[in-house]
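Participant: Quick check, what structure comes out for this input:
(one chain, ligands or ions: 2)
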Amino acid sequence: MDILIFGAGSLGSLLGGLLSRTHEVTLVGREPHVGEVRRDGLRITGVETVDVHPAATTDGTEVSADLAVVTVKASDTEEAARTLATGDVDAVCSLQNGMGNEDVLAAHLDGTVLAGTATYGARLAGPGHVEWLGRGRLTVGPWRPEDDVETAERVVAAFRAADLDATVTTDARGRLWEKLAVNAAINPVTALARVENGALAPPGELADLATAAGVETAGVARADGASLSDATVRESIAEVVHETERNRSSMLQDVTDSRRTEIDAINGYVVDRAEELEESVPVNRTLATLIRGWEAGAGVE
Ligand SMILES: NC(=O)C1=CN([C@@H]2O[C@H](COP(=O)(O)OP(=O)(O)OC[C@H]3O[C@@H](n4cnc5c(N)ncnc54)[C@H](O)[C@@H]3O)[C@@H](O)[C@H]2O)C=CC1
Ligand SMILES: CC(C)(CO)C(=O)C(=O)O
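Facilitator: Ligands and ions are numbered 1, 2, ... in the order given. Modelled structure (predicted):
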């Protein structure tokens, strides 16, 4: 398969590098990473050490591919979609956290839109070098009624052919809500308290706060039509906290590095959807307000 990875940062470089063992992969990213990959290849260390030489470019315009995997941060999705629209991709698959990305892609692109989640852990350690922090799983499914499950099956088969752990879902929206509940719980609390994910293990006040945000999110998910129980969300949060106890969440990393966070696509999305559905989400609202307050004070773009 001809695969374009749009957003060759931490996750995109890891998955693009692993996929390039079996498929034709082009990484679309920024300098100095792209130049280094073109010169010396991409080195993956951590869970496994892998040295590969995928194609890499900073120019994602007018490209054609069987599949574009989108791994930019949520605030860059609109620009990614506009850029991809100048080319010809048969299918696009977001593996981003948060909600709203698939709708942005669908608004700009003609091909099949797939919604995905990723629990792989990755960190760009330096130009040309990505650290693989945790094995994970990818789920991929059609986003809209007109997006066919056969395309999701072909994409999952391609991922598996490259030894990635991937499954097809026919309930992509439900899966995204479940991942959103976990991120709404863990990300802002770890970012505000400046702690690793493991600090949210129960019992404790941080665990209670995170769980309250996750349970509120499950309520909004159900009002939106998803079948997501409070018990499932509690279990998912506890499981992810345990499995990623030494992780610094992506939002904590963004705050530490003075970068814009994905708060709008995570707790901000929960607040907006709750308003539309007349649900009350005071914990998510407070967490979103605090993170946005930090962004404004820090002057991040
Ligand atoms: N890093 C991880 O372990 C995981 C990340 N995610 C999600 O995946 C998404 C990406 O996360 P990360 O890889 O951590 O972010 P990142 O910031 O490391 O990577 C995004 C990359 O996209 C590039 N980019 C953005 N717009 C671009 C454009 N127009 N042209 C070329 N390059 C562009 C940026 O320069 C950056 O290198 C987020 O939604 C995150 O929440 C999900 C699961 C795990
Ligand atoms: C699952 C979790 C919380 C792992 O750190 C994550 O997705 C993130 O940090 O964004």
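
Participant: Spell out the secondary structure type for residue 66.
Facilitator: strand (DSSP: H, G, I helix; E, B strand; the rest coil).

Participant: Check residue 130 too.
Facilitator: Using three-state DSSP as the criterion, the local structure at residue 130 reads strand.

Participant: can you give me the strands for the stretch 101-250 of the chain?
Facilitator: 112-118, 121-126, 129-134, 138-142, 166-168 (DSSP state E, counting those that start in this stretch).

Participant: Could I have the CA atoms of the second one written out in PDB?
Facilitator: Right, strand 121-126. The C-alpha coordinates for strand 121-126 follow below in PDB (Å, rounded to 0.1, in the frame of the first residue of the first chain):
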ATOM      1  CA  GLY A 121       3.300   5.500  23.000                       C
ATOM      2  CA  ALA A 122       5.900   7.500  21.200                       C
ATOM      3  CA  ARG A 123       8.200  10.500  21.700                       C
ATOM      4  CA  LEU A 124      10.300  12.300  19.100                       C
ATOM      5  CA  ALA A 125      13.700  12.200  20.900                       C
ATOM      6  CA  GLY A 126      15.500  14.300  18.200                       C
END
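
Participant: contacting residues around that strand?
Facilitator: 9-11, 13-15, 33, 45, 130-134, 136, 244, 247, 253 (CB atoms under 8 Å, 6 or more residues apart in numbering). C-beta coordinates here come from the backbone N, C-alpha and C atoms, glycine included.

Participant: same for ligand 2: which of the residues you listed are within range?
Facilitator: Near ligand 2, taking CB under 6 Å from any ligand atom as the test, the members of the contacts of strand 121-126 found are 244, 247.

Participant: Contacts (any at all) between ligand 1 and stretch 26-40?
Facilitator: Yes - applying CB under 6 Å from any ligand atom, one finds stretch 26-40 touching ligand 1 at 28-30.

Participant: Can you turn the buried part of these into a ChimeraX selection?
Facilitator: Under the burial definition 16 or more other CB atoms under 10 Å, those of the residues of stretch 26-40 next to ligand 1 that qualify are selected in ChimeraX by:
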select :28,29
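
Participant: Let me have the residues of stretch 26-40 next to ligand 1 in TSV, adding pLDDT and secondary structure as columns.
Facilitator: Rendered in TSV, the data for those read as follows (pLDDT from 0 to 100; DSSP: H, G, I helix; E, B strand; the rest coil):
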residue	pLDDT	secondary structure
28	98	strand
29	98	coil
30	98	coil
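
Participant: mind giving me CSV with the strands of the stretch 101-250 of the chain and columns for mean neighbour count, mean pLDDT and distance to ligand 1?
Facilitator: Below are the strands of the stretch 101-250 of the chain laid out as CSV (neighbours: other CB atoms under 10 Å; pLDDT from 0 to 100; distance: least, CB to the nearest ligand atom, whole Å):
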stretch, mean neighbour count, mean pLDDT, distance to ligand 1
strand 112-118, 25, 97, 4
strand 121-126, 18, 93, 4
strand 129-134, 20, 94, 7
strand 138-142, 24, 98, 10
strand 166-168, 18, 98, 14
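
Participant: Let's have those strands in TSV, adding distance to residue 2.
Facilitator: TSV is the format used below for the strands of the stretch 101-250 of the chain (distance: least, CB to CB, whole Å):
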stretch	distance to residue 2
strand 112-118	15
strand 121-126	22
strand 129-134	22
strand 138-142	17
strand 166-168	18
